[in-house]
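Novice: Sequence and predicted structure below; questions after.
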There are 2 protein chains.
Amino acid sequence: MLIGHQSWEFRNRPVILGTATVVGPDEGEGPLGNEFDIVHADAILGQDSWEKAEKKMLEEAAKLAVENAGLTKEKIEFYVGGDLINQIISNSFAVRTMQIPYLGIFGACSTSMEGLAIASMIVDGGYAKHTMAGTCSHNSTAEKQFRYPTEYGSQKPPTAQYTVTGAGVAVIGKHGRGPVVTGATIGRVIDMGIKDPFNMGAAMAPAAVDTLQSHFRDFDRQPEYYDLIVTGDLAEVGYGIARELLKKHRVPIEQTTYKDCGLMIYDLEKQKSLVQAGGSGCGCSATVTYGHLLKRLAKGELKRILVVATGALLSPLSFQQGESIPCIAHAVAIESGE
Amino acid sequence: MLIGHQSWEFRNRPVILGTATVVGPDEGEGPLGNEFDIVHADAILGQDSWEKAEKKMLEEAAKLAVENAGLTKEKIEFYVGGDLINQIISNSFAVRTMQIPYLGIFGACSTSMEGLAIASMIVDGGYAKHTMAGTCSHNSTAEKQFRYPTEYGSQKPPTAQYTVTGAGVAVIGKHGRGPVVTGATIGRVIDMGIKDPFNMGAAMAPAAVDTLQSHFRDFDRQPEYYDLIVTGDLAEVGYGIARELLKKHRVPIEQTTYKDCGLMIYDLEKQKSLVQAGGSGCGCSATVTYGHLLKRLAKGELKRILVVATGALLSPLSFQQGESIPCIAHAVAIESGE
């Protein structure tokens, strides 16, 4: 049901029945490397283009998520997903393989939680027995499309982020064992006038803070309700800005643990020269949430988490036309099913 | 609620409280020219880029749809929309102006009905009091991105379609006067191996037929249930193929009137040299449905219609990499609210 102005409360507590994560070698070398289902040693996955490699990662994650949920794909009524690539071809081509009715979405890197929110609502409302939410990103496809092909070896400023090579998929059902999705807050577009695509974290931080404030207001909650709050991919610069903004708006974030997936997926000491300010991309919050955080919920180390996936809704064309970067963030609350 | 394998029945009968359509000069000269709310004499709308013109059309349609619904934008909880442009910037930038919580979607030209289906489900399920579904396309932005800039004056084969310059927006509410959205069928990705982006209608026709068959199966209906069935933008070639496929699969389509929005929006006698096989683009089914068909429902000329919006989920990159064109179609049933 609608709660407040822009949030959904899922009273039927849809269950995350299974997930799967597939990543590339750089993510495998990060601190969460052991927690992903498949770590590829070569980011091209034996394909003849980076785009096909990205699609293949998503196909692998979707297949495995269905298996991990103890289902067959015929039991899944709807797949909800999208990615960063023009016309979200990674998802559309992967769904061609899966043959599941398909709702394509786009929220840049916030796609992960936009998908989980919609897929959970569909189940909560009785519009499906099982849904699947998926997303992916690939460092080489994103760099090629948004900045420069990696093969150019162009230098980057320290504010730049490194697009995660990874796919994450969750299967949601009405009944069963697993963590439950209890609510979601859908974000507004926030644009503070930042135009630098090498500083996305700074552009996205205000959107994350806006959605957090809306979430606490709509649910009449304090941050302490959650054991852990994570933003999607603000990385070093954006995370610092978000902390400052939360303080400025008197959001008592110190009552809980607040982290950022973009700072969790890589070892920022060892991998600094590669990843600069940290991770980004649809695959960042998806793989950290489904690969790492849900395992901590299962172990009982966490009871309630809030994942605020952030997205920069720019395109190379809007950048070339001198536009600033509109940003958005969608929050999903996940709680232990016990 | 879920009905059948891939459909939703909206038992609370969400109401289309208001709509608005904005088109360019070529659509204004077509047979439905008088039915659109705003017809621009110049497709650039006084902007300094085609992309900004497309965004402005959508902003105008959204503003007017809210007014036509007798609401203010603060009453709309969620906007659901997307478009053809990379990273759906037309919608994201328009929503930046609107400041309504935003679910970005992508289904190529099927985006119109994907948006209406999701926006209706959100209201039907009690997840909002009011939602808005919108989409747009612009001939010059689409040509530039998918084929060649119009300024090149490149020749086209007779199977090519002409992207509609138009935006269509609907406001959906739980209560009120207006036509009601009674159900939707979400399509699967169908790919028959067609690779020619100048023959999209042929590529999309099998997806339309698949969704029609699924719709009749899920709702246990015959085509005669509807006074009118329209596909989105198959145009001349695809419409002929769809009719043949329906006959082959023994779908008794002759029981009802079956048309295609891509053949309705232009005068194919007078405008043939411009539009070739007919219209296409997200704006095609959106403007024909919201501008023309809903007026016929209001007048009592039609009681029940089914709009099957079709989408070709290719990107210039997937075409360049030799991939065929995956297609999809989403169907929405709209009935007179009386």
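Specialist: In hand now; what should we look at?
Novice: Put the alpha carbons of the helix or strand harbouring A:Val181 into PDB.
Specialist: In the assignment (DSSP states H and E), A:Val181 maps to strand A:180-185. Only the C-alpha atoms of strand A:180-185 are listed here, as PDB (Å, rounded to 0.1, in the frame of the first residue of the first chain):
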ATOM      1  CA  VAL A 180      11.600 -10.200   3.100                       C
ATOM      2  CA  VAL A 181      11.100  -7.000   1.300                       C
ATOM      3  CA  THR A 182       9.100  -4.800   3.600                       C
ATOM      4  CA  GLY A 183       9.000  -1.400   1.800                       C
ATOM      5  CA  ALA A 184      10.400   0.900  -0.800                       C
ATOM      6  CA  THR A 185      10.700   4.600  -1.500                       C
END
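Novice: And that strand, what does it pack against?
Specialist: Applying 3 or more Cβ pairs under 8 Å, 6 or more residues apart in numbering or on different chains; DSSP states H and E, one finds that strand A:180-185 makes contact with strand A:7-9, strand A:15-23, helix A:111-124, helix A:200-219, strand A:327-335. From N, CA and C alone the C-beta is placed, and that goes for glycine too.
Novice: Of those, which is nearest A:Gly168?
Specialist: Of all the helices and strands packed on strand A:180-185, it is strand A:15-23 that lies closest to A:Gly168, at 4.9 Å by Cβ to Cβ.
Novice: And the contacts of the following helix or strand past the closest one?
Specialist: The first helix or strand that comes after strand A:15-23 along the chain, using DSSP H and E, is helix A:25-28. Counting by Cβ atoms under 8 Å, 6 or more residues apart in numbering or on different chains, helix A:25-28 makes contact with A:33, A:36, A:39-43, A:139, A:162, A:164-166, A:265-266, A:271, A:274-275, A:287, all of which sit outside it.
Novice: Now helix A:25-28: buried residues?
Specialist: A:26-28 (16 or more other Cβ atoms under 10 Å in any protein chain shown).
Novice: do the same with stretch A:92-111
Specialist: Of all the residues in stretch A:92-111, those buried under the rule 16+ other Cβ under 10 Å are A:92-98, A:100-111.
Novice: Those residues: which ones sit near chain B?
Specialist: Within the set of the buried residues of stretch A:92-111, contact with chain B (Cβ under 8 Å from any Cβ of the partner chain) is found for A:92-93, A:95-96, A:100-108.
Novice: Would you convert the residues you listed into TSV that also reports secondary structure, distance to A:Gly283 and pLDDT?
Specialist: Shown next, in TSV, are these (DSSP: H, G, I helix; E, B strand; the rest coil; distance: Cβ to Cβ, whole Å; pLDDT from 0 to 100):
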residue	secondary structure	distance to A:Gly283	pLDDT
A:Ser92	helix	17	97
A:Phe93	helix	16	96
A:Val95	helix	17	96
A:Arg96	helix	20	94
A:Ile100	coil	20	97
A:Pro101	coil	24	98
A:Tyr102	strand	19	98
A:Leu103	strand	19	98
A:Gly104	strand	17	98
A:Ile105	strand	15	98
A:Phe106	coil	15	98
A:Gly107	strand	14	98
A:Ala108	coil	12	97
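Novice: Nearest to A:Tyr225, out of these: which one, please.
Specialist: The closest of those to A:Tyr225 turns out to be A:Gly107 (Cβ to Cβ; 24.4 Å).
Novice: which residue packs closest to that closest one, ignoring adjacent ones?
Specialist: Counting by Cβ to Cβ, 6 or more residues apart in numbering or on different chains, the nearest residue to A:Gly107 once its immediate chain neighbours are dropped is A:Glu114, at 4.2 Å.
Novice: my read: the one you found touches B:Ile105, true?
Specialist: No - here A:Glu114 does not reach B:Ile105: they are 9.2 Å apart, not a contact under Cβ atoms under 8 Å.
Novice: Domain map for chain A?
Specialist: Under the assignment automatic domain parsing, the domains of chain A span A:7-173, A:180-335.
Novice: And the last one, how far out from the chain middle?
Specialist: Going back to what we said before, that points to domain A:180-335. 9 Å (Cα atoms, centre = their mean, to the nearest Å).
Novice: Endpoints of it, how far apart?
Specialist: Taking Cα to Cα, to the nearest Å, the first and last residues of domain A:180-335 lie 5 Å apart.
Novice: still on that earlier bit, mark which of the contacts of helix A:25-28 are buried, thanks.
Specialist: Among the contacts of helix A:25-28, those scoring as buried are A:33, A:36, A:39-40, A:43, A:139, A:162, A:164-166, A:265-266, A:271, A:275, A:287 (criterion: 16+ other Cβ under 10 Å).
Novice: And the pLDDT for A:Gln155?
Specialist: Here the pLDDT value assigned to A:Gln155 is 86.
Novice: Count the residues that sit near A:Ser324.
Specialist: The burial count assigned to A:Ser324 is 17, neighbours taken as other Cβ atoms under 10 Å in any protein chain shown.
Novice: Surely it touches A:Pro197?
Specialist: No - in this structure A:Ser324 lies outside contact range of A:Pro197 using Cβ under 8 Å: 10.6 Å.
Novice: Just confirm A:Tyr127 is within a strand.
Specialist: No - the assignment for A:Tyr127 by DSSP: H, G, I helix; E, B strand; the rest coil gives coil, which leaves it out of any strand.
Novice: and it, what is it in contact with?
Specialist: The contact partners of A:Tyr127, taken as Cβ under 8 Å, 6+ apart, are A:121, B:1-2, B:8, B:121, B:125.
Novice: Ok, A:Met57 next?
Specialist: Contact criterion Cβ under 8 Å, 6+ apart gives A:22-24, A:40, A:45, A:136, A:138, A:165-167 as the residues in contact with A:Met57.
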